[in-house]
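Asks: okay, predicted coordinates and the sequence, questions at the end:
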Amino acid sequence: MSAPLPLAGEGAAKRRVRVGRNSCRGILGLSMRTTRGVRSHAKTMRQGPTRAEDRMWAWLRDRRCVGYKFRRQHPIGPYILDFYCAELRLAIEVDGQQHYQAHLVEYENRRCAFLNTQGIEILRISNAELIRDAIGVSEMIDAVIRTRAASR
């Protein structure tokens, strides 16, 4: 037999909040809901990386970069991050020429603002810089990761 319901004012039941696979709360309590379409698009993007993304993934995969795990084409809210380390709350974006077009500046600003409210730091690297000076970029990423890890 089940226990009787409490009378008014006597131990009201706590409301449980279910968090599904596709939703979570950011550090400020803002919804970071990721839709099925965004997850599907991220999966498609993982299957066709650019040359620069392939090079970056070779450094970041399997905890090769200072021992931290990175995810590739990771969805957060309505956005997809090129590379993301959840432990450090660090995103690395490898940007091609399209990211510097005037009509995308407002979109990129909104995206950065959203991610910053979630406590995510964004490190931007251009494709050209990565191809031109791969060793310099890898050293810079190592330094940023070590600094971020030390401040946690």
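Replies: Done, it's in.
Asks: average pLDDT for stretch 95-115?
Replies: For stretch 95-115, the mean per-residue pLDDT is 79.
Asks: so for that stretch, first residue to last residue, what's the gap.
Replies: 16 Å (C-alpha to C-alpha, to the nearest Å).
Asks: and stretch 68-84, by the same measure?
Replies: Stretch 68-84 has an end-to-end distance of 10 Å (C-alpha to C-alpha).
Asks: if you count neighbours, what's buried in that stretch?
Replies: Residues of stretch 68-84 classed as buried: 68, 70-77, 79-84 (neighbour count, 16 or more other C-beta atoms under 10 Å). (C-beta placed from N, C-alpha, C; glycine too.)
Asks: which of those residues sits closest to S151?
Replies: Set against S151, the nearest of the buried residues of stretch 68-84 by C-beta to C-beta is Y68 (13.9 Å).
Asks: ok so L123 is a strand residue?
Replies: Yes: the assignment for L123 is a strand, going by DSSP: H, G, I helix; E, B strand; the rest coil.
Asks: what score does the residue nearest to it when sequence neighbours are not counted have for pLDDT?
Replies: In this structure, L123 finds its nearest non-sequential neighbour in I92, 4.9 Å apart by C-beta to C-beta, 6 or more residues apart in numbering. pLDDT for I92: 95.
Asks: which residues does I92 contact?
Replies: Applying C-beta atoms under 8 Å, 6 or more residues apart in numbering, we find I92 in contact with 56, 60, 70, 81-84, 122-123, 125, 141.
Asks: from E106, how far off is it?
Replies: The gap separating I92 from E106 is 22 Å, by C-beta to C-beta, to the nearest Å.
Asks: surely D142 meets G67?
Replies: No: taking contacts as C-beta atoms under 8 Å, D142 lies outside contact range of G67: 10.9 Å.
Asks: so between those two, which is more surrounded?
Replies: Set side by side, D142 and G67 show more neighbours around D142, with 13 against 9, by other C-beta atoms under 10 Å.
Asks: just checking, that one is part of a helix?
Replies: Yes: applying three-state DSSP, one finds D142 inside a helix.
Asks: and the nearest residue to it once chain neighbours are set aside, how far from E139?
Replies: With C-beta to C-beta, 6+ apart as the criterion, D142 has its nearest non-adjacent residue at 5.9 Å, and that residue is V66. To E139, V66 is 11 Å away according to C-beta to C-beta.
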